[in-house]
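*Asks:* Quick one, fold the following:
(6 chains)
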Number of protein chains: 6
Amino acid sequence: MELTHIDKSGRPKMVDVSGKPDTVRSAVAKGYVVMKPETLQMIKEGRMKKGDVLSVAQVAGIMAAKRTPEIVPMCHNINLTGVEMDFRVLEDKNAVAVQAVVRSVGKTGVEMEALTAVSAACLAIYDMCKAVDKSMVIKNIQLVEKTGGKSGDFKREEEVPWEG
Amino acid sequence: MELTHIDKSGRPKMVDVSGKPDTVRSAVAKGYVVMKPETLQMIKEGRMKKGDVLSVAQVAGIMAAKRTPEIVPMCHNINLTGVEMDFRVLEDKNAVAVQAVVRSVGKTGVEMEALTAVSAACLAIYDMCKAVDKSMVIKNIQLVEKTGGKSGDFKREEEVPWEG
Amino acid sequence: MELTHIDKSGRPKMVDVSGKPDTVRSAVAKGYVVMKPETLQMIKEGRMKKGDVLSVAQVAGIMAAKRTPEIVPMCHNINLTGVEMDFRVLEDKNAVAVQAVVRSVGKTGVEMEALTAVSAACLAIYDMCKAVDKSMVIKNIQLVEKTGGKSGDFKREEEVPWEG
Amino acid sequence: MELTHIDKSGRPKMVDVSGKPDTVRSAVAKGYVVMKPETLQMIKEGRMKKGDVLSVAQVAGIMAAKRTPEIVPMCHNINLTGVEMDFRVLEDKNAVAVQAVVRSVGKTGVEMEALTAVSAACLAIYDMCKAVDKSMVIKNIQLVEKTGGKSGDFKREEEVPWEG
Amino acid sequence: MELTHIDKSGRPKMVDVSGKPDTVRSAVAKGYVVMKPETLQMIKEGRMKKGDVLSVAQVAGIMAAKRTPEIVPMCHNINLTGVEMDFRVLEDKNAVAVQAVVRSVGKTGVEMEALTAVSAACLAIYDMCKAVDKSMVIKNIQLVEKTGGKSGDFKREEEVPWEG
Amino acid sequence: MELTHIDKSGRPKMVDVSGKPDTVRSAVAKGYVVMKPETLQMIKEGRMKKGDVLSVAQVAGIMAAKRTPEIVPMCHNINLTGVEMDFRVLEDKNAVAVQAVVRSVGKTGVEMEALTAVSAACLAIYDMCKAVDKSMVIKNIQLVEKTGGKSGDFKREEEVPWEG
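*Replies:* This is a model prediction of the structure:
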């Protein structure tokens, strides 16, 4: 029986972490939604017709963190031990800053879970406001820091601000 | 029986679109992942240990588009009639540009589906490369244009480029 | 070839509705969470450590409505055109009343979606408060009315109140 | 740069359990579906057109238990080590009693998983029978007992029966 | 700005069906699970410790049909109007035959939904019996026929039987 | 109060594994998609209109492995530590061979995850090629070997080849 083996290089996989020890992990990610001044005012004053923007974004971020392995194909499915979202209204910048802190105890880091939580929260903010402002931009989603695991801790030397 | 009605204002809802006609809809969204020059080279040359980056991002974007109503809480669940992803390597900018085109025939627009597809593809790119570069930044996820529906067409006056 | 045909009677199916016309559908469902007086006070005063109870329950109900066909095995998967949740604090009854209104245009009713939304919202209320009160009871989840479809409208003759 | 920090109180989170030890957990929950006498007879005699009611409810409960963190927003995603459903036909009460026993080894309790399993099984019973009886009521979903974890065991002093 | 356009050929997409009319669709798929004679006897006599094998496979197939677009990446998400599963015990062949009939009204065929339903039912049969027989083989999952749509009807000239 | 206890025998459950130790687990599964010679040529030459067949099947298999407990009802939800897919084009047999290797550290085996990964990859291959060949057959999905756990290792005595 003649075989032609399709070259495996380049074929993606979910890398084997069976041999790694369970350690405490955390990751912090950040992102921004930049909008028109009047859109920001409507968020602050709770005047969006679809409802309170940040409370929906909060839940969106937390629920998305748990579903990261369904959204990011090569991500391991893991048990998260904590997710916190934080929002800041940057008044003179016409932006909302979104931050997620994710924790786990396991064999892989939680960077993707934190970045996914921020992404989903930003998407939810866009969705809640898009009836009045379709020109919003989601900016500078980035890993701020991570701790735990063999590859060691990471701390971004300089955060990319909303203008970046 | 004494009732205290919790004020409904601010309580989010999935707005009623029962009365809207079915029309053909499309939306185009865009975003960028900015990285180190050597990371971009590894993507281009197919040297990432986890596999071919853009083919995974491609599938991630398409699958996420279909799951938008599970990620964005107030989004209607709808049937998509087409999703296409496109990637460009911006050589001298150290960035990958991601574009999604989403189509549907129905009562609501597909902006969120296009933005979610771009977000998921950007997250997948980050995931595939994070072993060599944790400082990547996802930048300027934006709606480029939409067509169909009562609110009319939208075309962004000026796209926000990767540097924006 | 000898065949033994396992008797089909009793084997569940998702019944064929291909021939039914698309009509506008709505359903209203209701339910209650009964708790200790001090638990209700903590909800009202926003003192639960896990966060604002009703805003989480609101989102839980709307998201669960969309996922009804994944939770209720023989339910058709359909597109919802609107979901609204409403909460009332029944002060002298130590209960929260939960109501869901679900709308769709299609071949099947949305009773299950409304009942699922109420169930998920009640579960979310329990979850947010269980650190202080594990004795809460979810009571009298019921269809209040439905409109649309061949089987005609339904209106419950007498609602089952929280005590029922 | 001027910041307005949206007050964090009231913003929900998935509380951090990273520091908790893994212990064996169990939870037992119960609920009832009350219906017309002739509906109960049809269930018992396997005459529902949609199929055998309790075998579908059985699977619905077990599958929903596994999906609890997708239904209940602030629930941790955990690995369940066992789920059992039990049904009793309360002949002279025109009700079906539903019970779920859920087990896990981990950092959080499984109360929500047991309550979600019961809720989904009750919804499935309603769905299978609604063609003949839309007036059914889901009653008294409650935690009966839990074991394991820092907060200690819980045993409901007095179960709320179907009439409660 | 210099661009290197990654060649689009080969990049998968969810093909655009916006312009297709809604038509009634059906598809029938079939497959087999071949096992040891004593395994088949245990299924028939309801002696598997995990529970009644075919009732679980029945529900598994129907629920998986609805989730096809989450399992098969380039599949359109559509609304199914009916799913029926049928099982036959092939006594002298030591096999269970699994058949799924899926219906929809829409722009795309339901072949993948029928094949996915059969695959999931076969996997569920394996799972329910694997404690006593790990050597079972899932055989000859195939499309038997389809109707509706522009590409016309399809009927397999000769079914591939269990031995095939 | 008179009770009629529905006989529990036959009612499926997710069996209790709380008392089992965590051990390293692996499973290897295999399957085949048999097709027309010209279909195989189109796969090899990357001429399918829907995109590169095997890269989509690769991602489909890995993502489905993670979702096994949602597809196979009585499967425990577990954390996978690795998934690898491998494809071989069997030139003179007009078939593609699909293999999955799945790893985990836990209380249950990963046979179902490996078989589900192979099934989903085969379904994805069918989907990508069905516009040109609806007569493809998915053949001989089988467990090749497993290691770890109380029940000991398993190695299929003789693999069932594509013709089997």
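
*Asks:* how about the residue nearest to A:Arg88 when sequence neighbours are not counted, what does it touch?
*Replies:* In space, A:Arg88 comes closest to A:Ala97 once its chain neighbours are excluded; the distance is 4.4 Å by Cβ to Cβ, 6 or more residues apart in numbering or on different chains. (C-beta placed from N, C-alpha, C; glycine too.) Counting by Cβ atoms under 8 Å, 6 or more residues apart in numbering or on different chains, A:Ala97 touches A:Lys30, A:Gly31, A:Tyr32, A:Phe87, A:Arg88, A:Val89, A:Leu90, A:Trp162.

*Asks:* How about the secondary structure of A:Ala97?
*Replies:* strand (DSSP: H, G, I helix; E, B strand; the rest coil).

*Asks:* Kindly state the beta-bridge partners for it.
*Replies:* A:Ala97 has these beta-bridge partners by DSSP bridges: A:Tyr32, A:Arg88.

*Asks:* Give me the distance between the residue nearest to A:Leu123 when sequence neighbours are not counted and chain E.
*Replies:* Spatially, and ignoring its direct neighbours in sequence, A:Leu123 is nearest to B:Val72 (5.2 Å; Cβ to Cβ, 6+ apart). Distance of B:Val72 to chain E, given as Cβ to the nearest Cβ, to the nearest Å: 15 Å.

*Asks:* repeat for A:Pro37
*Replies:* Distance from A:Pro37 to chain E, by Cβ to the nearest Cβ: 31 Å.

*Asks:* One more: A:Lys50?
*Replies:* Counting by Cβ to the nearest Cβ, the gap from A:Lys50 to chain E is 23 Å.

*Asks:* now swap in A:Asp133 and tell me
*Replies:* 27 Å.

*Asks:* give me every residue that touches that residue.
*Replies:* So A:Asp133 contacts A:Met35, A:Lys36, A:Glu38, A:Thr39 (Cβ under 8 Å, 6+ apart).

*Asks:* how far out from the middle of the chain is whatever helix or strand A:Leu40 lives in?
*Replies:* Using DSSP states H and E, A:Leu40 falls within helix A:37-44. In terms of Cα atoms, centre = their mean, to the nearest Å, the centre of helix A:37-44 is found 23 Å from the chain centre.

*Asks:* got it, and stretch A:97-117?
*Replies:* 7 Å.

*Asks:* if I pick A:Arg11, what's in contact with it?
*Replies:* B:Gly51, B:Asp52, F:Leu54, F:Ser55, F:Gln58, F:Met85, F:Asp86, F:Phe87.

*Asks:* worst-scoring helix or strand of chain A, pLDDT-wise?
*Replies:* strand A:4-5 (a mean of 47; mean pLDDT, DSSP states H and E).

*Asks:* For my notes, please list the contacts of A:Ala97 in CSV and give neighbour count and pLDDT for each entry.
*Replies:* Output for those, formatted as CSV (neighbours: other Cβ atoms under 10 Å in any protein chain shown; pLDDT from 0 to 100):
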residue, neighbour count, pLDDT
A:Lys30, 24, 98
A:Gly31, 27, 98
A:Tyr32, 26, 97
A:Phe87, 22, 95
A:Arg88, 16, 94
A:Val89, 19, 94
A:Leu90, 18, 94
A:Trp162, 20, 72
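
*Asks:* what's the closest of those to F:Lys130?
*Replies:* A:Gly31 (39.7 Å; Cβ to Cβ).

*Asks:* how much space between that closest one and A:Ser119?
*Replies:* According to Cβ to Cβ, to the nearest Å, A:Gly31 and A:Ser119 sit 7 Å apart.

*Asks:* Since that was my last question, I'll sign off now.
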